[in-house]
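> take a look and give me a structure for this.
(chains A and B)
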Amino acid sequence: MPKREDINKVMVIGSGPIIIGQAAEFDYSGSQACRALKEEGLEVVLVNSNPATIMTDENMADRVYIEPLTVESIIEILKKENPDGLIPTLGGQIALNLAIDLAETNILEDLNVELLGTPIETIEKAEDRNTFKKLMNEIGEPILDSKIAENIDQAAEIAAGIGYPVIVRPAYTMGGTGGGVADNLEELKEITARGFKHSLIGQVLIEKSIKGWKEIEYEVMRDKNDNCIVVCNMENFDPVGVHTGDSIVVAPSQTLTDKEYQMFRSSALKIIRALGIEGGCNVQYALDPESFQYYIIEVNPRVSRSSALASKATGYPIAKVSARIALGYSLDEIENAITGKTTACFEPALDYVVFKIPRWPFDKFHYADRDLGTQMKATGEVMAIERNLEASMLKAVRSLEIGRYGFYLEEFRKMTDSEIREALFKADDNRLFVIAEALRRGWSVDKVHQITEISTFFLHKLNNIINLEYKLDANKNKIESERELLKRAKEIGFSDSEIALITEKSEEEIKAIRDQLNLKPVYKMVDTCAAEFEAETPYYYSSYEKVNEAEPTEKKKVMVIGSGPIRIGQGIEFDYCSVHSAWTLNEEGYESIIVNNNPETVSTDFDTSDRLYFEPLTKEDIMHIIDNEKPEGVICQFGGQTAVNLAEPLAEAGVEILGTSVDSIDLAEDRDRFIGLLNELDIPVPAGEVAASLTEAEKIAAEIGYPVLVRPSYVLGGRAMEVVYNAKELEEYMKNAVKVSPDRPVLVDKYLTGTEIEIDAISDGETVIVPGIMEHVERAGVHSGDSIAVYPPHRLTENLKEKAVEYTEKISRALNVKGVVNIQYVVSEGKIYVIEVNPRSSRTIPYLSKVTGVPMVDLATKALLGKKLKDLGWESGLVPEKSHFAVKVPVFSFSKLTQVDTNLGPEMKSTGEVLGLADSYEKALYKGLIGAGLEIPRQGTILATIADKDKDEAVEYIKDFAELGFKIAATEGTAAALNEKGLKVEIVKKLGDGSPDSLELISDDQIDLVINTLTKGKIPERDGFKIRRSAVEMGIPCLTSLDTTRAMLKVLKEIEHGERIEYKALQDYQK
Amino acid sequence: MKKAKLVLEEGSIFAGKLFGAEKDSAGEIVFNTSMTGYQEILTDPSYKGEIVCMTYPLIGNYGINEDDFESFKSHVNGFIVREFAEEPENWRLQKRLEKYLKENGITAISGIDTRALTKILRRQGTMRGIITTENLSNDKLIAKAKKAPGLSGRDLVSMVSRKTVEKFGTQNKYRVVLVDCGAKNNIKDSLLERNCEVIIVPASTTAQKILNYKPDGVMFSNGPGDPEDADYVSETIKELLGEVPIFGICLGHQLLGRACGAETYKLKFGHRGANHPVKDLSGNRVYITSQNHGFAIKEESLAELDLELTHINVNDGTVEGFKHQKYPAFSVQYHPEASPGPEDSHYLFDQFVEMMR
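Purely as a prediction, here's the structure:
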């Protein structure tokens, strides 16, 4: 029986903001699903609070609600839309949890909404540890001898029974939040306390630790006819103990015999059948490396991060197929889109090796605890495809964009043997590189295996790379005559730059030698069937093989450079831009070519562009593709800093960079040239100079006056940027944070306190369209990505708006911007200054496009193809502002990263964002905050600890909170200030001054909201740090900015006055 | 390692390295898309006469162990891989693949673009070829490849069939005579697991001799080559039809078909892998199956016969199974015993046991 005829309108729940443990993979799955549903002629309603996604595009669903993902809002939307069905299995754990909560309210029965695909009982069976355990026992599938604890005493008793070490996992969470391995009672208490808080049902699971076993994953699908297939299996490089999201993963499995492979296959199918899942499911196993004994670690009854990886690794579109299954199709009724001839009811055969490495945020969070365990810490991941494991690994390494192009790394060569040994023991983000260094020192594979428990199979592969390093080194004086050696090096994935480093030549020299020896890669196709059937999918990877399958077409073509892995500062927004650019290219009659390496994204779906190359984003890798495809031009402005950084090297190699010229990019990024230009244009900038030494810096700071903003000139994107308030702090910064030298000077700028505003403009060099102005709620100094931003600005005067638009037009024309440009301004004492110009797409483009209705990437792409915006019907200037408000609220993943200060500054810390849309600013802000997961209390106790500089202002707000009925607790100084204004508050002791202190109150759950502002200066303020940290860990909202505090107060006042929150589709706002 | 070449009769020459036995080899070049199970594939007698190319590029990763042999030795005429593992890892590992191939006299070549080779075979069909270390001109090499033995016109079954009778599980409930046309071990094991006594007899065993064992059922196994060349077994089946329940697998399925009047033909590039979807027409369920065959039953030829089509291949619609409408006899083109491959179709052995009840 094919598709059900009784379903006409379906609601899909998205996964909300990007946080650690839930990244872009659900934009990929949601978008695929929405498209599949629309193809079936259904009316699709989508709810997702994340505006940076493709899935929240107006054309992805008939009704797009960018609204908070709460039970309250979903119910309201269900009532309004009255869909026939609801699909909750494509929006990650967030959507799944919502479905469970919705089921409890009976709203689905009341409105006659059917849950499509996997039934709610199944979700509950898989998610509730007790029922799941029971079911597994019934079907004879081994799960760990584990017990559920609902309080700490129970936990201690269970752990004593099992014996340490034990693993603690909270029930009903995502990304392993709050879990960990406890070696003793002390650790157990700490971890379980956190676990209870993070579990939606207040349960933690305690089980035997099987650290060191092999970790294996299976992605399986089932339809209503009970047909089951395995899409892909995967073997983790890291043994059990590291969260699978933080593990290096290889697909397919490498060291399993067919017996083991089929043992797990049969087990996984048994499980998906017993649970009754209709759609995709992920099963994780631990396998004893010395026997057939295994345990099931986890089952995800939904599309997951692993299924995104499996989809990209095999070409099998799991989300699309899942959506069709939910509509009633059976697997054999669904076409295999890759071959067009076979059906979705088969198991992909790979003829290549896939290597995934997580991307961790430790480059941004210097003080974060880098150890990897059961709590996921990665923000994104890269995937590489090659015909052998070594090459796949090396490609993945260079895709990470962490400044490493191989394993020949100075920083690790400095380590002592005992440091190496220690680093091997604890898994952290650098372990792969440490292993390489150990092998380079001649440590045997067996020795490394004993310490790390990583399979010797993988270690030998790594050793092959090291051995080749030695061979290259030994032949460095005659490398030009060593064709076989170079061929081998290229075959196993060495980049030219790596070979150059080892042989002490330049990358160009190696390339010349390689050209001489005629060594170049070919491209192979990902076709789901190992070439058994003809496939037309233009999904390619490079390999140093014989036959090229990526025959270029005769069409005119343009390449779009993607943005690589999701990381802090470069998120899903850039994937949105790349995808839209490819779509426009297509409409304009060009063949679009996307190059990217992020398996979680829409851009790496094989049907997004005309041709997809899954490759590292380095000059060499891209030049190979360009040599093969010979595109008319390359677009570098949509793939974030990754793509912008490639513009110059590609241009040098003779590639036509479409849009804003490389020289203009340089002009915007080179400080001296940039200041020169602005002076010429008579546009003000904050005073500042370049300092090559501490003395110089001190001199400049004294001249322009503290506070000053300091940052290294050679790092982009806010890294190592700080505001310093006095000479002492400046000295501290210059000595510790950066190593200043004439080659690596430091920029010292006047730090202007004021309102920051941001503009994204589209320009063809003549016409400059300003779709909208965004105003930041936080004062300047907080990174724009971490700021709450409001469209349209509600505090900016018309006069200043005009000025900002005028400056934007001037700068765009002066830089001859073709495409998009992002400009940040600060308004200080009635004057507007330019802080930064980014001649590329910014993270605000997706949401601004959605709220203003201006198709920004589409227009920009047309402009950089040479079209005139005027001819397209647009004129210069600010597009008339909409009557509704849009508030973008950043979302942080602090609860996953211990030891990171939650206070905001010039360095970006947020991982994602949500949007609040409403007819008033206050309601939009409220929705934004709720959507960001802040549990805004309507009553309760506020803990206030305010820095002296903020006391006057803060006192007013706190008084108002008290008037709303909040109880106030405050530390001594703050309490005194409040008393002075006639407000009686509970005095809380400072840390160390006795009980009860602020930390105790927080951990006793007596506080509902924390207002804590940073003491002036940067000196680690230990009490504040601890307070903020424990608030994060206890899930209590913590406000560190008075601006947000004031805004929130306003919202609460409105609600107090009985205002109601309304929910509207994007389509309704555009009317 | 010695340099070697793989030469196809259509003229392609792939340069690689020899890694098994140091001798030249000739045969029909086929490809298998299984990602695991090379040990089972190497020892599956159905590959007699064939040089097998593995499409998965890393082969030998877990070495060779004691337990996963499907027969007492390797039967392939040659083995082609992109890369073989020099440092395998698995707890059951006994020896490296390379060593096993050398010991078994199997010629193997590595380092070739196996995907390019697979595409040639897919487009032009499986074909003759050689693996050679000879330093001859291309023309001479191609001429040699053209002379490689094909699969038809020779009795490959008798080369792999046991010469003597073997009995297993003599205390078990049901007595099954397994006619060994090149049987994989797991057929026997699957029967033993289901309380069957298994008497394995040579393929040439007459019907009368089989009936003399007083079997509850007779199985015809998988095996190599063109079913036409094993029609002596079809004759045996003809005599047994109606006398005793019959179950045929792979070649056994083709022979049962021929015994009933069906025709067989050679597929362009066959089905060899562990991911072939087969639809059971009785319940509309699809099973993922393990397959290894180059010949198949012509569907049109079933029209007037007493055979009912029960299974078809979801990919290309070819015949995957049928049952006799009058007598207790059925067969499938694929491998319910798996090894290697999915275990979805074990239920067919249960059906056979049911038939013997």
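
> so who does residue 211 touch?
Defaulting to chain A. Taking C-beta atoms under 8 Å, 6 or more residues apart in numbering or on different chains as the contact definition, A:Lys211 lies against A:Pro165, A:Val181, A:Pro239, A:Val240, A:Gly241, A:Glu453. Quick note: C-beta positions are derived from backbone N, CA and C, even for glycine.

> wrong one, I was asking about chain B
So, once contact is read as C-beta under 8 Å, 6+ apart, B:Leu211 ends up touching B:Leu240, B:Glu243, B:Val244.

> redo that, cut-off 10 Å
B:Val177, B:Val218, B:Glu239, B:Leu240, B:Glu243, B:Val244 (C-beta atoms under 10 Å, 6 or more residues apart in numbering or on different chains).

> three-state assignment of the nearest residue to B:Asp155 once chain neighbours are set aside?
Nearest residue to B:Asp155, sequence neighbours excluded (C-beta to C-beta, 6 or more residues apart in numbering or on different chains): B:Asp229, at 5.2 Å. Following DSSP: H, G, I helix; E, B strand; the rest coil, the label given to B:Asp229 is helix.

> surely B:Asp229 touches B:Gln254?
No: using C-beta atoms under 10 Å, B:Asp229 makes no contact with B:Gln254, being 11.0 Å away.

> of the two, which one has the most company?
B:Gln254 (32 against 17; other C-beta atoms under 10 Å in any protein chain shown).

> isn't there a helix covering the more buried one?
Yes: membership of B:Gln254 in a helix is supported by three-state DSSP.

> ok, now which ones touch whichever residue of the stretch 151-300 of chain B sits closest to chain A?
Nearest residue of the stretch 151-300 of chain B to chain A, counting by C-beta to the nearest C-beta: B:Asn275, 3.9 Å away. Contacts for B:Asn275 (C-beta under 10 Å, 6+ apart) come out as A:229-230, A:346-349, A:528-530, A:532, B:33-35, B:288-291, B:315, B:341-342.

> I'd like to know how far A:Arg431 sits from chain B.
Distance of A:Arg431 to chain B, given as C-beta to the nearest C-beta, to the nearest Å: 19 Å.

> per-domain residue ranges of chain A.
A:9-124, A:145-209, A:389-519, A:554-655, A:667-686+A:752-882, A:692-739, A:916-1056 (automatic domain parsing).

> any chance of CSV for those domains, columns mean neighbour count and mean pLDDT?
Shown next, in CSV, are the domains of chain A (neighbours: other C-beta atoms under 10 Å in any protein chain shown; pLDDT from 0 to 100):
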stretch, mean neighbour count, mean pLDDT
domain A:9-124, 23, 93
domain A:145-209, 19, 83
domain A:389-519, 19, 96
domain A:554-655, 24, 96
domain A:667-686+A:752-882, 20, 93
domain A:692-739, 17, 81
domain A:916-1056, 19, 84
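
> now those as JSON lines including distance to B:Phe19?
JSON lines is the format used below for the domains of chain A (distance: least, C-beta to C-beta, whole Å):
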{"stretch": "domain A:9-124", "distance to B:Phe19": "40"}
{"stretch": "domain A:145-209", "distance to B:Phe19": "41"}
{"stretch": "domain A:389-519", "distance to B:Phe19": "16"}
{"stretch": "domain A:554-655", "distance to B:Phe19": "30"}
{"stretch": "domain A:667-686+A:752-882", "distance to B:Phe19": "51"}
{"stretch": "domain A:692-739", "distance to B:Phe19": "49"}
{"stretch": "domain A:916-1056", "distance to B:Phe19": "56"}
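
> closest to B:Val157 out of those domains?
B:Val157 lies closest, by C-beta to C-beta, to one member of the domains of chain A: domain A:389-519, at 38.1 Å.

> roughly how far out does stretch A:276-286 sit from the chain middle?
Distance, stretch centre to chain centre, for stretch A:276-286: 24 Å (C-alpha atoms, centre = their mean, to the nearest Å).

> show me what contacts the closest residue to chain B within the stretch 651-800 of chain A?
Nearest to chain B, among the residues of the stretch 651-800 of chain A, is A:Ala653, at 28.1 Å (C-beta to the nearest C-beta). Shown in contact with A:Ala653 (C-beta under 10 Å, 6+ apart): A:Glu508, A:Lys511, A:Lys619, A:Glu620, A:Ile622, A:Met623, A:Ile626, A:Asp627.

> one more time with 8 Å
A:Lys619, A:Met623 are the contacts of A:Ala653 under C-beta under 8 Å, 6+ apart.

> gap between it and A:Leu501?
20 Å (C-beta to C-beta, to the nearest Å).

> what of A:Tyr295?
Counting by C-beta to C-beta - A:Tyr295 and A:Leu501 are separated by 44 Å.

> B:Met355 reaches B:Cys196, doesn't it?
No: with contact defined as C-beta atoms under 8 Å, B:Met355 does not count as touching B:Cys196 (11.8 Å).

> these two: which has the busier surroundings?
B:Cys196 (26 against 18).

> tell me the confidence at the residue of chain B most remote from its centre?
Of all residues in chain B, B:Ser137 has its C-alpha farthest from the mean position, at 34.4 Å, by C-alpha atoms, centre = their mean. If you check B:Ser137, the pLDDT there is 97.

> state the phi and psi torsions of it.
Main-chain torsions, B:Ser137, degrees, to the nearest 10: phi -70, psi 160.

> what residue in the stretch 151-300 of chain A comes nearest to chain B?
Counting by C-beta to the nearest C-beta, the stretch 151-300 of chain A gets nearest chain B through A:Asp258, at 3.6 Å.

> so who does that residue touch?
Here A:Asp258 is in contact with B:Ser34, B:Thr36, B:Gly37, B:Gln39, B:Glu40, B:Asp68, B:Ala274, B:Ser339, B:Pro340, B:Gly341 (C-beta under 8 Å, 6+ apart).

> write a PyMOL command that selects only the buried members of the contacts of B:Leu211.
The buried residues among the contacts of B:Leu211 can be selected in PyMOL (16 or more other C-beta atoms under 10 Å in any protein chain shown) with this line:
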select buried, chain B and resi 177+218+240+244
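
> now for the contacts of B:Leu211: which two are most distant?
So, the contacts of B:Leu211 by C-beta to C-beta: farthest apart are B:Val177 and B:Glu239, at 13.1 Å.

> please enumerate the strands of the stretch 51-200 of chain B.
Secondary structure of the stretch 51-200 of chain B (DSSP state E, counting those that start in this stretch): strands at B:58-59, B:78-80, B:83-84, B:108-110, B:127-132, B:166-168, B:174-180, B:196-202.

> return the most buried member of those.
With neighbours taken as mean count of other C-beta atoms under 10 Å in any protein chain shown, the strands of the stretch 51-200 of chain B reach their highest mean count in strand B:78-80, at a mean of 29.

> which strands and helices sit next to it?
Judged by 3 or more C-beta pairs under 8 Å, 6 or more residues apart in numbering or on different chains; DSSP states H and E, strand B:78-80 is in contact with strand B:25-32, strand B:50-54, strand B:108-110.

> quick one, the longest one and strand B:127-132 angle?
Between the direction of strand B:25-32 and that of strand B:127-132, the angle (axes from the mean of the first three to the mean of the last three C-alpha atoms, to 10 degrees) works out to 120 degrees.

> so is the helix or strand just after strand B:25-32 next to chain A?
Downstream of strand B:25-32, the first helix or strand assigned by DSSP states H and E is helix B:38-42. Yes: using C-beta under 8 Å from any C-beta of the partner chain, helix B:38-42 reaches chain A at B:Gln39, B:Glu40.

> contacts for helix B:38-42?
A:257-258, B:32, B:34, B:47, B:52, B:54, B:59-60, B:64-65, B:68-70, B:74-76, B:79, B:97, B:100-101, B:104, B:106, B:184, B:292, B:339-340.

> which among these end up buried?
A:257-258, B:32, B:34, B:47, B:52, B:54, B:59-60, B:64-65, B:68-70, B:74-76, B:79, B:97, B:100-101, B:104, B:106, B:184, B:292, B:339-340.

> give me phi/psi at the nearest residue to A:Thr618 once chain neighbours are set aside?
Excluding the flanking residues, the one nearest A:Thr618 by C-beta to C-beta, 6+ apart is A:Arg398, at 5.6 Å. When read as degrees, to the nearest 10, the backbone of A:Arg398 gives phi -80, psi -20.
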